[in-house]
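Visitor: Sequence plus the predicted model coming up.
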Amino acid sequence: MLSTLKRNPLECWSADFFELPIARVTLPFADAVLVHEPAAIKHVLVDNAANYRKDPIQRRILAVGLGDGLLSVEGERWEVQRRTLAPVFARRTVIGLTAAMLSAGQGLVERWRRFAPSDVVDVATEMTLLTLNVLALTIFSDGVASDLDEFRLAMNAYFATIGRIGALDLFGVPEIVPRPGRRRLKQTMSYFEGVIDRIIAARQRRLGACPQSEPATDLLTLLLRALDPSTGRPMSLTEVRSNILTFLSAGHETTANTLAWSLFLLSQAPEWAKRVRDEADRELAGSHEGLVERLVVTRAVVEEALRLYPPIAALSRSAERVDEVGGVTIRPRALIVVAPYVLHRHRTLWDRPDEFDPTRFMPGARARIARYAYLPFGAGPRTCIGASFALQEATLVLAMLIRHFDLTLAPGAEVWPQQKITLRPVNGLPMLITPRRAN
Ligand code: HEM
């Protein structure tokens, strides 16, 4: 069991779990209750959320560098940050980031035009590059042009190192046991933090000269100006920096996987690729005003990809006090697992659960999906703050890529999901990319 958990936790889900509403499992390190019944999920994540804290295992993994950011803080500090940050990720603000997202997408289109048709390209890695670029552009815009290259280098080193966080942390081995790569991680972290601090300081100087007059064109300015609506207080420098690191970490691999899985699924469903392409040809040629709302088919494909391959395959919580969920007694410190990967393919909740069918998410049909049967972004107070950002980015970029290229799976490629913090294709996504002649 431990070795499977370490290699690919996804393989622990046997057929039974896809049919059972609630199951109790004794793991080597915890008493676990797996909850895949909408009313019970609502109880844990929403109605009685105060009794179910983010579990210490998840927090230990996230603690490196993100300690003061929204993803990892708890209690009063979380409440203050969440209400301060809410306007930064409001739908209206995110729509204002459309141009930056399209510009990063255009950069990728130009890069892909340089590949030869016979080149096998790992599209999963390409998507990671793209989503980091989107974040660099939306957080810092062009105002840091001179620092952007240095920033990208520091960011790549950071993510290459953080990817090594492994089984020792997952299974709660005490901190006293030395972690391979931990020293290097600390060094990379402090270098990366230094780069971010310099960018923040330069921006503060600029904003200081003319406080509110400059329009906020990126997330950094919004973060520096954000005030807690209850107290009127801004965030500290440490909080701003931790949240930038948090957005970069929480927002890049998740969205990259969403795009990679969408492209994989479309490569297996030519009729849907054609529908996306027709829509993209029509809508991308028009105004950017209301563009995201008009990409209805593309958005349905993204949502269906998030159903079949949810990047956060499992959510976990730790019970504080005794409780009862769907007739099962929950003991204090029990680990509660809600796995979107299982929930989204549950035999009792979905028709043809393993089949790719974006029709489910087309207007009209979407309203019939039970609220707690589809949770790619979680639910309740700790729900993803970047959901609109991620959906908009994935929809725009998917439309652009399908408009400009034909993508086919490289011959002999085997694509299989592996859960490594996020749900990614285990051997990458090797594809052949051919530019379309018409554009
Ligand atoms: C498709 C892409 C994404 C997916 C699938 C995703 C999924 C999730 C999920 C499931 C949670 C809740 C975890 C839990 O309840 O334990 C979460 C939280 C969070 N996400 Fe995302 N996310 C995505 C993109 C983003 C982006 C783009 C950002 C920011 C730029 C972001 C920032 C955050 C933050 C800060 C939290 C913590 C919220 C809190 O605790 O108050 N995510 N995400």
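Guide: Nice, I can see it.

Visitor: okay, now the residue in the stretch 251-400 of the chain that the ligand sits nearest to: neighbour count?
Guide: Closest contact between the stretch 251-400 of the chain and the ligand, by Cβ to the nearest ligand atom, is at Gly386 (2.3 Å). Where you see a C-beta, it was placed from the backbone N, CA and C, and this is true even at glycine. Applying other Cβ atoms under 10 Å, we find 20 other residues in the vicinity of Gly386.

Visitor: Name the residues of this protein found near the ligand, please.
Guide: Residues of the chain lying near the ligand by Cβ under 6 Å from any ligand atom: 54, 70-71, 82, 246-247, 250-251, 254-255, 258, 311-312, 315, 376-378, 382, 384-386, 389-390.

Visitor: end to end, how far does stretch 223-241 reach?
Guide: One end of stretch 223-241 to the other measures 10 Å (Cα to Cα, to the nearest Å).

Visitor: Correction: the previous question concerned stretch 288-295.
Guide: For stretch 288-295, the end-to-end distance is 11 Å (Cα to Cα).

Visitor: how about that stretch: buried residues?
Guide: For stretch 288-295, the neighbour count (16 or more other Cβ atoms under 10 Å) marks Leu291, Val292, Arg294, Leu295 as buried.

Visitor: now these in CSV, with secondary structure, distance to Gly364 and pLDDT?
Guide: Formatted as CSV, the buried residues of stretch 288-295 follow (DSSP: H, G, I helix; E, B strand; the rest coil; distance: Cβ to Cβ, whole Å; pLDDT from 0 to 100):
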residue, secondary structure, distance to Gly364, pLDDT
Leu291, helix, 21, 96
Val292, helix, 19, 95
Arg294, helix, 17, 97
Leu295, coil, 17, 98
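
Visitor: Using CSV, please lay out those residues together with distance to Ile95.
Guide: CSV is the format used below for these (distance: Cβ to Cβ, whole Å):
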residue, distance to Ile95
Leu291, 9
Val292, 7
Arg294, 13
Leu295, 13
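
Visitor: Distance check, Thr125 against the ligand.
Guide: 17 Å (Cβ to the nearest ligand atom, to the nearest Å).

Visitor: Which secondary structure element is home to that residue?
Guide: Element membership for Thr125 (DSSP states H and E) is helix 123-140.

Visitor: ok so, going back, list the contacts for the residue nearest to the residue of the stretch 251-400 of the chain closest to the ligand when sequence neighbours are not counted?
Guide: In this structure, Gly386 finds its nearest non-sequential neighbour in Gly251, 5.3 Å apart by Cβ to Cβ, 6 or more residues apart in numbering. Each residue near Gly251 by Cβ atoms under 8 Å, 6 or more residues apart in numbering is listed here: Thr131, Leu135, Gly386, Phe389, Ala390.

Visitor: immediately after the worst-scoring helix or strand of the chain on mean pLDDT, which helix or strand?
Guide: Least confident helix or strand of the chain, by mean pLDDT, DSSP states H and E, is helix 167-170 with a mean of 44. Downstream of helix 167-170, the first helix or strand assigned by DSSP H and E is helix 182-209.

Visitor: Let me know the average pLDDT across the helix or strand just after that following helix.
Guide: The C-terminal neighbour of helix 182-209 among helices and strands, as given by DSSP H and E, is helix 219-225. Averaging pLDDT along helix 219-225 gives 91.

Visitor: got it, and stretch 94-109?
Guide: 95.

Visitor: Asp323 and Asp68, how far apart?
Guide: Distance, Asp323 to Asp68, using Cβ to Cβ, to the nearest Å: 30 Å.

Visitor: Sorry, slip of the keys, the one I care about is Arg91.
Guide: According to Cβ to Cβ, Arg91 and Asp68 sit 26 Å apart.

Visitor: swap in Cys12?
Guide: The gap separating Cys12 from Asp68 is 33 Å, by Cβ to Cβ.

Visitor: same check, this time on Ala305
Guide: For Ala305 relative to Asp68 (Cβ to Cβ), the value is 33 Å.

Visitor: Would you mind telling me which of these two has the busier surroundings?
Guide: With neighbours defined as other Cβ under 10 Å, Ala305 and Asp68 compare such that Ala305 has more, 27 against 19.

Visitor: so which strand or helix has the more buried one?
Guide: Using DSSP H and E, Ala305 falls in helix 296-308.

Visitor: got the buried residues for that helix?
Guide: Val297, Thr298, Arg299, Ala300, Val301, Val302, Glu303, Glu304, Ala305, Leu306, Arg307, Leu308.

Visitor: Mind putting those residues into CSV with distance to Phe140 and pLDDT?
Guide: Formatted as CSV, the buried residues of helix 296-308 follow (distance: Cβ to Cβ, whole Å; pLDDT from 0 to 100):
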residue, distance to Phe140, pLDDT
Val297, 32, 98
Thr298, 27, 98
Arg299, 27, 98
Ala300, 32, 98
Val301, 30, 98
Val302, 25, 98
Glu303, 29, 98
Glu304, 33, 98
Ala305, 28, 98
Leu306, 27, 98
Arg307, 33, 98
Leu308, 33, 98
